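Asks: can't give you the sequence, but here's the structure:
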């Protein structure tokens, strides 16, 4: 009717959300970076609107499906591990970090294929044990329909317990590569060799940690953190696909 401001273009809002993911800046800073084309309130509202519509989850699922169709997910070996990060504003799904002087933090537990592509994850407080997050992580993989295709599941020594092996067997995961507790590699062994195939999930944790919003998260709701992980995963997968497309291009 001409009595309200026109709706801000989705492209502008999406660009602001991407900038925040990469830089980890506050919403008011993003407003300034975008030359005040959109307010911080509108950015948050548009993000919540898209989360409610399942946009971020659908983006990640579509990107993963495209990768599987073009390059094919390699599920012969799947590695799972957790990673702890800062959450100074607290809120849902945070806890005292055991590696950061009991400051508030959050943790993700992610399963990746042999190329480091995330196929499922779970999030919780930094004080949650990796073993406690293993079941919800595998539930997330099951939701994608990929659990039955896993050949060998690789885990570090923190999962080396009989009850873990029993629960994995109940899920049909009997081919396991779990590092034994109390074992140490010979002095001077390169870090990558000490990890074995688990270096792949460590690389994925590093890729995710490069995003400012994930490394020092100021969101107060788990669905906001999940949306950020979906977006980061989408960017990583699309980057792989672009590199594959340009593999024969001259430097």
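Replies: Here it is on my side, so go on. Keep in mind the model is a prediction, meaning the values are calculated, not measured. Numbering: from 1, shown residues only.
Asks: list the buried residues in stretch 155-174.
Replies: Neighbour-count burial for stretch 155-174, counted by 16 or more other C-beta atoms under 10 Å, picks out 155, 156, 158, 159, 160, 164, 165, 168, 171, 173. From N, CA and C alone the C-beta is placed, and that goes for glycine too.
Asks: next, format the residues you listed as a markdown table and append distance to residue 23, pLDDT and secondary structure.
Replies: Below are the buried residues of stretch 155-174 laid out as a markdown table (distance: C-beta to C-beta, whole Å; pLDDT from 0 to 100; DSSP: H, G, I helix; E, B strand; the rest coil):
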| residue | distance to residue 23 | pLDDT | secondary structure |
| --- | --- | --- | --- |
| 155 | 33 | 93 | strand |
| 156 | 31 | 90 | coil |
| 158 | 32 | 89 | helix |
| 159 | 34 | 93 | helix |
| 160 | 39 | 92 | coil |
| 164 | 38 | 94 | helix |
| 165 | 42 | 95 | helix |
| 168 | 39 | 95 | helix |
| 171 | 39 | 93 | coil |
| 173 | 39 | 93 | coil |
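Asks: helices of this structure, residue ranges please.
Replies: Using DSSP state H, the helices of the chain run over residues 10-23, 27-33, 40-52, 55-70, 130-143, 162-170, 191-195, 199-209, 212-215, 222-245.
Asks: what residues does residue 66 make contact with?
Replies: Neighbouring residues of residue 66 by C-beta atoms under 8 Å, 6 or more residues apart in numbering: 237, 241.
Asks: let's see that with 10 Å instead.
Replies: Neighbouring residues of residue 66 by C-beta atoms under 10 Å, 6 or more residues apart in numbering: 237, 238, 241.
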